[in-house]
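Pasting the sequence and the predicted model now:
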Amino acid sequence: MLLSQSQRFQRINEYLRRGAAVPTAELMQTCKVAERTLKEDIAQMRLRYRAPITYNRRLGGYHYTESFDLKTVEIELTHQDVSALKNAVVTLNQFRDLAIFSDFRGAVEKIEQAVRFRLSQPARSQVYIAFEAVSPGRNNELLDLLLVACMDRQVIQFEYQKYDDPIPRLRTVFPHLMKEHRNRWYIIGYEIYPPQLRVFGLDRVIAHTLEATTLPFDPPPFDAETYFRPALGVAVYDDPVGEVVLSFTRKQGLHFRAQPFFSFREEDILIDSEDEFRVLLRIIVNQELLFELARLGSSVKVLSPQGLIDDLIRFHQQAVELYEE
């Protein structure tokens with residue numbers, strides 16, 4: 001009975017995992033193929049999922065040059081599952097050069113090999129989906145130290161210079177977590193002097209001043225999900241949640257429903273007609289929301305609250321003034 005290519009791959013893998021070099025004739029016999037087909041199979045195994053196969057003339061056969069097992073790719077997944085995994089791997093690969101992710105870099109590579117095997121695609125197959133490239137941010141090399149400080153509940157000290165400050169200031173912070181937002185990293189933590197919850201952009205930290213300390217400190221409890229849920233961005237939120245009403249045309253509303261910048265419930269839809277899509281967002285009004293609405297330009301109209309309307313008008317007027325000077 002003829003074996004399929006995937007079955008032959010498994011036969012080759014089984015023999016090579018025994019450790020000793022396997023003669024060409026033995027592999028041809030177990031796979032029931034000619035030498036040319038065997039060599040093509042081995043070439044495909046190397047190409048599709050980087051099987052470390054080499055031929056050793058002194059030993060008289062093929063063998064793995066390092067530990068490898070094709071069975072690690074035998075996961076019971078649907079084609080849709082594997083396609084989703086492929087997209088996830090592309091996303092993860094954007095961060096693979098960050099030191100903080102080095103521990104699972106090998107895991108990502110193994111998943112990538114498995115996905116290629118299931119989809120029978122070579123390593124350099126046609127690209128059908130392109131993700132936005134992520135450029136490494138300034139001071140990303142500090143993520144390792146910060147991760148350890150968060151996990152070990154250590155206090156950190158660093159000099160921090162805001163964009164509008166002439167000189168940096170020393171900060172003493174208990175770090176709760178690190179958050180990535182718009183391709184930039186932030187430290188969310190409790191500043192000890194003065195005591196308050198703060199957010200620090202990693203790009204504004206003076207890198208060589210960052211160090212973990214043994215200063216004992218018991219910060220107030222912090223719930224990241226509760227903290228971030230009601231607002232956009234990473235800013236500290238002292239204001240209460242407000243009600244923001246937005247109006248879109250029918251077409252613009254379809255775009256917003258497909259990819260909303262903030263989540264809403266179906267019962268928050270106030271109007272959904274041929275002429276207008278109107279929605280209520282329960283959200284903290286902060287600068288990040290102002291920037292997001294400004295980015296949408298004429299595709300959205302704020303109906304309330306009046307304070308946000310005034311801020312948005314002022315924002316656009318200041319932009320217009322730059323071109324009128």
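Cool, the structure landed.

Next one: residue 318 from residue 269, what distance?
33 Å (Cβ to Cβ, to the nearest Å). All C-beta spots, glycine's among them, are computed from the backbone N, C-alpha and C.

Which one's more surrounded, these two?
When residue 318 and residue 269 are compared for neighbours, residue 269 comes out ahead with 14 against 9, by other Cβ atoms under 10 Å.

Report the contact partners of that one.
277-280 (Cβ atoms under 8 Å, 6 or more residues apart in numbering).

Return the backbone torsion pair for it.
Backbone torsions for residue 269, taken as degrees, to the nearest 10, come to phi -80, psi 120.

and stretch 287-296, how far out from the chain's middle?
When distances are taken as Cα atoms, centre = their mean, to the nearest Å, stretch 287-296 is centred 23 Å away from the chain's centroid.

hmm, who's touching it?
Applying Cβ under 8 Å, 6+ apart, the contact partners of stretch 287-296 are 231-233, 235, 244, 246, 261-262, 283, 300, 302, 308, 311-312, 315-316.

list the buried ones in it?
For stretch 287-296, the buried set under the neighbour-count rule, 16 or more other Cβ atoms under 10 Å, comprises 288-290, 293.

Keeping just the C-alphas, turn that stretch into CSV.
Extracted C-alpha coordinates of stretch 287-296, given in CSV (Å, rounded to 0.1, in the frame of the first residue of the first chain):
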residue,chain,number,x,y,z
GLN,A,287,-7.2,63.1,26.7
GLU,A,288,-7.0,59.7,25.0
LEU,A,289,-10.7,59.9,24.1
LEU,A,290,-10.3,63.4,22.8
PHE,A,291,-7.4,62.3,20.5
GLU,A,292,-9.5,59.3,19.3
LEU,A,293,-12.5,61.5,18.4
ALA,A,294,-10.2,64.0,16.7
ARG,A,295,-8.7,61.2,14.7
LEU,A,296,-12.1,60.3,13.4
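
Mean confidence (pLDDT) on whichever strand or helix holds residue 291, please.
Per DSSP states H and E: residue 291 is located in helix 287-296. For helix 287-296, mean pLDDT rounds to 93.

next one: stretch 196-211
The average pLDDT within stretch 196-211 is 92.

try stretch 168-175
Mean predicted lDDT for stretch 168-175 stands at 94.

Run through the neighbouring helices and strands of the helix or strand hosting residue 252.
Using DSSP H and E, residue 252 sits within helix 250-258. Judged by 3 or more Cβ pairs under 8 Å, 6 or more residues apart in numbering; DSSP states H and E, the packing partners of helix 250-258 are strand 242-248, strand 277-283.

Any of the contacts of stretch 287-296 buried? List them.
The buried subset of these (16+ other Cβ under 10 Å) comprises 231-233, 235, 244, 246, 262, 283, 300, 302, 308, 311-312.

Among those residues, which ones are in helices?
In helices, judged by DSSP state H, the following of these are found: 308, 311-312.

Output those in a markdown table; the columns should cover distance to residue 7.
Converted to a markdown table, these look like this (distance: Cβ to Cβ, whole Å):
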| residue | distance to residue 7 |
| --- | --- |
| 308 | 64 |
| 311 | 66 |
| 312 | 64 |
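
how about the strands in the chain?
Assigned by DSSP state E, the strands in the chain fall at 53-56, 61-64, 155-160, 169-181, 184-191, 196-201, 211-213, 242-248, 269-272, 277-283, 301-304.

Using JSON lines, lay out those strands together with distance to residue 225.
Output for the strands of the chain, formatted as JSON lines (distance: least, Cβ to Cβ, whole Å):
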{"stretch": "strand 53-56", "distance to residue 225": "47"}
{"stretch": "strand 61-64", "distance to residue 225": "45"}
{"stretch": "strand 155-160", "distance to residue 225": "23"}
{"stretch": "strand 169-181", "distance to residue 225": "11"}
{"stretch": "strand 184-191", "distance to residue 225": "12"}
{"stretch": "strand 196-201", "distance to residue 225": "15"}
{"stretch": "strand 211-213", "distance to residue 225": "26"}
{"stretch": "strand 242-248", "distance to residue 225": "20"}
{"stretch": "strand 269-272", "distance to residue 225": "25"}
{"stretch": "strand 277-283", "distance to residue 225": "16"}
{"stretch": "strand 301-304", "distance to residue 225": "27"}
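
For residue 14, find the nearest of those.
strand 61-64 (11.6 Å; Cβ to Cβ).

just how off-centre is that closest one within its chain?
With Cα atoms, centre = their mean, you get 38 Å for strand 61-64.

Domain map for the protein?
As given by automatic domain parsing, the domain ranges for the chain are 5-71, 75-119, 140-228, 242-324.

With respect to the ones you listed, which exhibits the lowest mean confidence?
Averaging pLDDT over each of the domains of the chain puts domain 75-119 lowest, since it has a mean of 62.

and the helix holding residue 291 with strand 277-283, angle?
Here the directions of helix 287-296 and strand 277-283 differ by 160 degrees (axes from the mean of the first three to the mean of the last three Cα atoms, to 10 degrees).
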